[in-house]
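Chemist: Sharing a model prediction with you, sequence too.
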There are 2 protein chains.
Amino acid sequence: MSVGERIERTLLASFEASRGPSCPPRLDEAVRYAIFPGGARLRPTICLAVAEACGDDRPEVSNAAAAAIELLHCASLVHDDLPCFDDSPLRRGRPSVHRAFGERLAVLTGDALIVLAFSALTRGARQAPERLAGLVEIVAASVGMPRGIAAGQAWECEPTVNLSDYQQLKTGALFAAATAAGAAAAGKNPEPWRALGEQIGSAYQVVDDILDVTGDSEQLGKPIGQDEARGHPSSVREMGLDGARRHFESVMAGVFDMIPPCPGSERLKQRIAKESSKFLPSALAEHAA
Amino acid sequence: MSVGERIERTLLASFEASRGPSCPPRLDEAVRYAIFPGGARLRPTICLAVAEACGDDRPEVSNAAAAAIELLHCASLVHDDLPCFDDSPLRRGRPSVHRAFGERLAVLTGDALIVLAFSALTRGARQAPERLAGLVEIVAASVGMPRGIAAGQAWECEPTVNLSDYQQLKTGALFAAATAAGAAAAGKNPEPWRALGEQIGSAYQVVDDILDVTGDSEQLGKPIGQDEARGHPSSVREMGLDGARRHFESVMAGVFDMIPPCPGSERLKQRIAKESSKFLPSALAEHAA
């Protein structure tokens, strides 16, 4: 089974397990809408690629870790799009959850997705209890306080913010959790794997900042020009477009050196290169032009 | 150490573990504000009372379960008070989180509290991995889909709703988790304990509905008259004030019969009676009048 199939099947099984006749139909529909169809599924793909590089002796555990990370990513998008934050009308090329279902259901959808992530993780790792606690801690740390997505987003509510801290918390933390959880799900020490995820997250964030200026709204499936309009910290706002592109290249140059020694390191390099190519071309094409 | 001290110490330790220099100061402050000082701490008190009735052989595990349940309760209050839901200006006798810190931080505070609940549970149960998965599942089920608080609240977004389902999900689920998790934290089968929690939750909800009509805003620390104003399902709206009081008495009459056989059942009865007295007097006084 391909990595993509493993992710979609596990996400679907997790969603199905959360359904029932007592659930309000519109919440059920909104949660499904927030998960399917997905975007690039970048974070769970990286999680499973690392698990495979580490032996992946318990695929049900790594599948669950990957799904939990994607569900938390979906939750963060739904809450980030809310009127009180970005008030984004579009996500993944169609109306955002609050535009499609209303603000109340968007708040509850995000809440339900956070809870679903921990349920999914636990169901998958039930038969490997010695790995469960470590995985819950990795995943929780990447979305909560003091160094997860919620903390990153809350920096938007402070008068001043350090760009690198902001990006590390809001984007890097979940990528770092993806690589760390991939290793932990395979029974390996997660710590040496964090730096790789953080570096990939940094590269991704710089591209996201560049595309917010140079990209095409229809192609991206979300509005552009938001960082400037909302005064969000951004590599482009801080370094200018050329500076951001140079920064991106220096970040990408370091990625492969950060893969810890492991049996599947060569294959992992190829997969990271392939995944990166999903967000590279537009930025590089602009650069060449 | 008293049950109250166990709860406050564990909540404080959980909060302290979530702090750090990378955390935005206002999020840190808002999360603290949402947890301390608390209300009656009814749910964690019931959780620990059940754990003690079941032997409580691993107090660090039951402390963590009780704290997780209270943190999820705090999260649900913060999100429930948001402008798009009840837009409540008051909670526990002072400004609600969104009034004190703004709507964005209120959304993030609720999110961070949900995540903190799972972190706290995992940290406490790390040394008892064979109990962790069951506890995460109990706790997650009580707040997510299809039968937890988020589902209960989402019934407010549907055109029609069954009062008993609504109350069971929005209030009963977390009380049922409190009794079930108390038993599970002590290594006992949680299932026989659910009905007791549901029954206590039903009693609590009816009193809450009655107090929303007959209570005093200052004494309650939150606005009254909200069920009618917002068209929320309520025992009083459905049965009238006298009907709700009769319903409450019949629910309370059944509580003690629902305690499963256990070594500490007599002491547990006394404690439930004591805890119930915290929400009983106003309602009964009105009745007597």
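Modeler: Done, it's in. Only a predicted model underlies this, so the values are computations on that prediction, with no experimental measurement involved.
Chemist: Now for the closest residue to residue A:53 other than its chain neighbours: which residues touch it?
Modeler: In space, and not counting its chain neighbours, residue A:53 is closest to residue A:264: 3.5 Å by CB to CB, 6 or more residues apart in numbering or on different chains. For every residue, glycine as well, the C-beta is placed using N, CA and C. Contacts for residue A:264 were tallied using CB atoms under 8 Å, 6 or more residues apart in numbering or on different chains; they are A:52, A:53, A:54, A:55.
Chemist: which non-adjacent residue is nearest the third one?
Modeler: Same thing as residue A:54. residue A:186 (3.8 Å).
Chemist: Can you tell me the element residue A:173 falls in?
Modeler: Assessed by DSSP states H and E, residue A:173 sits inside helix A:173-185.
Chemist: same deal with residue A:250?
Modeler: Going by DSSP H and E, residue A:250 is part of helix A:235-255.
Chemist: List the buried residues for that helix?
Modeler: A:235, A:236, A:237, A:239, A:244, A:245, A:247, A:248, A:251, A:252, A:255 (16 or more other CB atoms under 10 Å in any protein chain shown).
Chemist: Reformat those as TSV; add distance to chain B.
Modeler: Shown next, in TSV, are the buried residues of helix A:235-255 (distance: CB to the nearest CB, whole Å):
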residue	distance to chain B
A:235	19
A:236	23
A:237	19
A:239	22
A:244	23
A:245	27
A:247	21
A:248	23
A:251	20
A:252	25
A:255	23
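Chemist: Which stretches in chain A count as strands?
Modeler: With strands called from DSSP state E, chain A shows them at A:90-91, A:94-95.
Chemist: now the nearest residue to residue A:83 once chain neighbours are set aside: how far from residue B:140?
Modeler: If the residues on either side of it in the chain are set aside, residue A:83 comes closest to residue A:103, at 6.1 Å by CB to CB, 6+ apart. Residue A:103 sits 24 Å away from residue B:140, going by CB to CB, to the nearest Å.
Chemist: out of those two, which sits in the busier spot?
Modeler: The residue with more neighbours, out of residue A:103 and residue B:140, is residue B:140; 29 against 17, by other CB atoms under 10 Å in any protein chain shown.
Chemist: need the contact list for residue A:29.
Modeler: By CB under 8 Å, 6+ apart, residue A:29 lies in contact with residue A:101.
Chemist: From chain B, how far out is it?
Modeler: 10 Å (CB to the nearest CB, to the nearest Å).
Chemist: Now do that residue, the pLDDT please.
Modeler: With respect to pLDDT, residue A:29 scores 98.
Chemist: quick revisit: reformat the strands of chain A into a markdown table and put mean pLDDT next to each item.
Modeler: Converted to a markdown table, the strands of chain A look like this (pLDDT from 0 to 100):
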| stretch | mean pLDDT |
| --- | --- |
| strand A:90-91 | 94 |
| strand A:94-95 | 97 |
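Chemist: how about those, which one is nearest residue B:68?
Modeler: strand A:90-91 (30.9 Å; CB to CB).
Chemist: what pairs with the closest one, and is each one parallel or antiparallel?
Modeler: Next to strand A:90-91 in the sheet, as set by DSSP bridges, lie strand A:94-95 (antiparallel).
Chemist: Now do the strand it pairs with: everything it contacts.
Modeler: If you take CB under 8 Å, 6+ apart as the criterion, strand A:94-95 is touched by A:89, A:100, A:221.
Chemist: change it to 10 Å
Modeler: By CB atoms under 10 Å, 6 or more residues apart in numbering or on different chains, the list of residues contacting strand A:94-95 from outside reads A:33, A:37, A:81, A:88, A:89, A:100, A:101, A:221.
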